[in-house]
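Peer 1: Here's my sequence, what's the structure:
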Amino acid sequence: MGVGRFDSLLLLSFGGPEGPDEVLPFLRNVTSGRGVPDDRLAVVAEQYARFGGKSPINDLNRQLLAAVEQELATRGHDLPAYWGNRNWHPFVSDTVGDLQAAGCRSTVCLVTSAFSSYSGCRQYREDLNQACATVSDAPQIERVRVFWNHPEFLGSAAELLAEALQQAHLSSSTPVLHSAHSLPMSMAATSDYLEQLNEAAVIVNDLAGMEGPSEVVFQSRSGPPSVPWLSPDIDSRLKQLAAEGATEVVVHPLGFVADHMEVLFDLDTQAASIARESGLKMVRTPTVGTHPRFVSMLVDLVEEAAGLRQDRPALGTLGPRPDHCSVHCCPAPTRGGS
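Peer 2: Next comes the predicted model:
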């Protein structure tokens, strides 16, 4: 029973609405404490309306959890798996209560975020700690290390990039835009998020055999225009590529592990429309999702955290992330800069 000292597994994700009536309440949760008025949230809600008012993220998490459970079983591990979200049902506080009620004492946590920053790493830890504080006699919960430079994450991304190129009959010299969620500059300054992305993009290009121009671009920024965010913006870069004479481009959502709303709207809808208007043939590669190598890696990380694996593989120059982040890791930016 279990994997090493762990008697249970928690998949921790962002969350998303399951229907039109849930969209605004969900968005209010996401922006809680920032003073964002409902009229601004209504603009974002229109993006969800294009997809029936439902985010794909919850179904994607159900699929990922089922794939992880299958891989655990294949390896002979009997590890009950649970799922909780930061911003919508099932809320992680409720899931921690379920873990406690089931008698779980030591839980390993997988987070659906590959890169580290305040919003992509520390905020998950803070919400998890807060959830545990609200549940009497909550289990001890340990998350696996951040995996942005794990060979199997980058390897599965490279496989999908190469396959998309082949299926679209594009050459290895086609320009590649590796897209990731933008951050306020004040938040990016508290972590090595940009350095991680740049190194990951180079490695994925090498593994996929890409020989053309490549760069990291950003998407999904929000907030007032007066606040500086990471750039270049993907939409602007697509227009620039067309103006420079490019006729084809591959967009690779490097910063995301699933085809959720930011991918479906910001890339497949908005960026694709701009590419068409600019005369560009745009091919968007899939995210790692439930790619067998990615799922296998997640279970490898569970075994690693349990002390069953001594190797800690990582590609590039930055090395594997620690199992336990320091108290000073990825601090929140000051309110004035976010």
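
Peer 1: hey, let's count contacts and neighbours off CA atoms from now on
Peer 2: Noted.

Peer 1: Can you spell out which helices and strands pack onto the host helix or strand of E195?
Peer 2: According to DSSP states H and E, E195 maps onto helix 193-208. When contacts are defined as 3 or more CA pairs under 8 Å, 6 or more residues apart in numbering; DSSP states H and E, helix 193-208 packs onto helix 151-167, strand 214-219.

Peer 1: make it 10 Å
Peer 2: helix 151-167, strand 176-181, helix 185-188, strand 214-219 (3 or more CA pairs under 10 Å, 6 or more residues apart in numbering; DSSP states H and E).

Peer 1: right, so of the ones you listed, which gets closest to E126?
Peer 2: helix 185-188 (15.8 Å; CA to CA).

Peer 1: any idea how far that closest one is from the chain center?
Peer 2: Chain-centre distance of helix 185-188: 18 Å, with CA atoms, centre = their mean, to the nearest Å.

Peer 1: Also stretch 15-32?
Peer 2: 18 Å.

Peer 1: Alpha carbons of it, in PDB - could you do that?
Peer 2: Extracted as PDB, the C-alpha positions of stretch 15-32 are listed here (Å, rounded to 0.1, in the frame of the first residue of the first chain):
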ATOM      1  CA  GLY A  15      -9.500  25.200 -11.600                       C
ATOM      2  CA  GLY A  16     -12.100  26.500 -14.000                       C
ATOM      3  CA  PRO A  17     -15.900  26.900 -14.400                       C
ATOM      4  CA  GLU A  18     -18.000  23.900 -15.500                       C
ATOM      5  CA  GLY A  19     -20.900  26.000 -16.900                       C
ATOM      6  CA  PRO A  20     -22.000  29.600 -17.700                       C
ATOM      7  CA  ASP A  21     -23.400  30.300 -14.300                       C
ATOM      8  CA  GLU A  22     -20.000  29.600 -12.700                       C
ATOM      9  CA  VAL A  23     -17.900  31.900 -14.900                       C
ATOM     10  CA  LEU A  24     -18.200  35.100 -13.000                       C
ATOM     11  CA  PRO A  25     -18.000  33.500  -9.500                       C
ATOM     12  CA  PHE A  26     -14.800  31.700 -10.700                       C
ATOM     13  CA  LEU A  27     -13.300  34.900 -12.000                       C
ATOM     14  CA  ARG A  28     -14.100  36.700  -8.800                       C
ATOM     15  CA  ASN A  29     -12.200  34.000  -6.900                       C
ATOM     16  CA  VAL A  30      -9.200  34.300  -9.300                       C
ATOM     17  CA  THR A  31      -9.000  38.100  -8.800                       C
ATOM     18  CA  SER A  32     -10.000  38.200  -5.100                       C
END
